[in-house]
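Novice: the amino acid sequence is not available; the structure is as follows:
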């Protein structure tokens with residue numbers, strides 16, 4: 001998830017005739033740079049001096065290099081606010097950008113259910129981040145896709161047209177060509193792609209319901225989203241069906257099937273928590289849990305109990321209708337069996353489906 005950048009004000013540029021020397025190409029390390037502090041910069045903070053010496057590098061990047069120990073003053077690691085003195089020798093080794101590995105291929109096991117010249121359908125495991133972002137610049141599904149199908153380097157976002165949260169498992173379609181990507185995006189926008197999820201939640205929702213409520217970022221927590229009517233909120237619509245409910249100790253838990261009419265970040269998790277039915281194991285969206293007792297194995301479930309089990313679409317080239325089903329992975333299947341929900345290895349018909 002991301003962090004903000006805070007910029008300090010820089011002092012005036014030094015006179016060109018009095019500027020500190022910049023030496024590039026010192027023997028074995030062509031990347032290392034050295035600066036000698038002249039009287040014009042005596043008393044200046046290190047971070048502000050670096051901005052003057054290297055105006056083409058962002059202030060936040062320079063500060064990250066200082067904090068990482070890549071900048072030394074007279075051979076010592078110092079803080080960004082360190083005050084410089086005349087004659088100080090500042091040495092800097094530029095570091096690769098955090099996103100340098102974002103679009104590099106990384107071999108990893110991928111569960112591919114279908115592939116042809118136009119699309120891939122994969123079963124994403126829980127714990128795998130889909131797309132590079134702050135804190136996850138490598139080891140993502142995108143990196144794995146580039147290793148599996150190198151031609152995806154020529155398709156924006158390596159062909160990814162929709163995402164799953166890192167903690168959510170299940171089916172995703174990936175476009176292998178630009179025309180296929182454009183067509184799949186069109187189908188998603190037209191809401192003709194069938195995306196069904198299974199969820200285990202606390203509480204007992206009614207047999208069938210629809211949540212039609214816009215979603216926006218929670219101003220109190222940048223990691224969360226919430227039902228919101230702010231101008232920046234986006235429309236969101238989720239249908240759900242209660243397939244079964246069980247009593248487990250002090251708690252009632254339910255097995256839901258959810259269909260997405262839109263695809264907003266954390267949509268199912270936000271909508272169900274808004275109704276008062278948070279997902280079991282959700283680390284972000286959870287209300288007060290029932291009292292502890294001896295039969296609460298579901299408390300130990302280590303992620304949100306959400307799995308994208310069914311995917312249906314029109315093939316972007318042949319126009320043939322296609323559909324795939326994938327049972328939940330071992331952890332979620334074991335949870336559902338322990339709760340007494342019965343078989344989870346085949347699709348379920350949805351009661352009251354409209």
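Specialist: Cool, got the structure. A quick note: this is a predicted structure, and the numbers were derived from the prediction, not measured. Residues are numbered from 1 along each chain as shown.
Novice: C-alpha from now on. contacts and neighbour counts both.
Specialist: Will do.
Novice: and residue 64, what are its phi and psi?
Specialist: Per-residue torsions, residue 64: phi -60, psi -40 (degrees, to the nearest 10).
Novice: break the chain into its domains for me.
Specialist: The record assigns the chain these domain ranges, following automatic domain parsing: 19-92, 101-190, 191-344.
Novice: quick one: residues contacting the closest residue to residue 171 other than its chain neighbours.
Specialist: Closest residue to residue 171 apart from its sequence neighbours, by C-alpha to C-alpha, 6 or more residues apart in numbering: residue 123 at 4.6 Å. Counting by C-alpha atoms under 8 Å, 6 or more residues apart in numbering, residue 123 touches 110-113, 169-172, 326.
Novice: mind doing that once more with 7 Å?
Specialist: Contacts for residue 123 (C-alpha atoms under 7 Å, 6 or more residues apart in numbering) come out as 111-112, 170-172.
Novice: by neighbours, which of those residues wins?
Specialist: Greatest neighbour count in the contacts of residue 123, by other C-alpha atoms under 10 Å, goes to residue 171: 28 neighbours.
Novice: from the contacts of residue 123, which land in strands?
Specialist: 111-112, 170-172 (DSSP state E).
Novice: now the stretch 1-150 of the chain, which segments are flagged as low pLDDT?
Specialist: Applying pLDDT under 70 to the stretch 1-150 of the chain flags the ranges 1-31, 97-101.
Novice: quick one on the thing from earlier: host element of the residue nearest to residue 171?
Specialist: In this structure, residue 123 sits in strand 119-124 according to DSSP states H and E.
Novice: for the stretch 201-350 of the chain, what spans make up the strands?
Specialist: Applying DSSP state E, counting those that start in this stretch to the stretch 201-350 of the chain gives strands spanning 208-212, 215-217, 225-227, 237-248, 251-260, 306-314, 321-325.
Novice: quick one: closest of those strands to residue 158.
Specialist: Across the strands of the stretch 201-350 of the chain, residue 158 has its closest neighbour in strand 306-314 (19.4 Å, C-alpha to C-alpha).
Novice: tell me how far that closest one lies from the chain's centre.
Specialist: With C-alpha atoms, centre = their mean, to the nearest Å as the basis, strand 306-314 stands 19 Å off its chain's centre.
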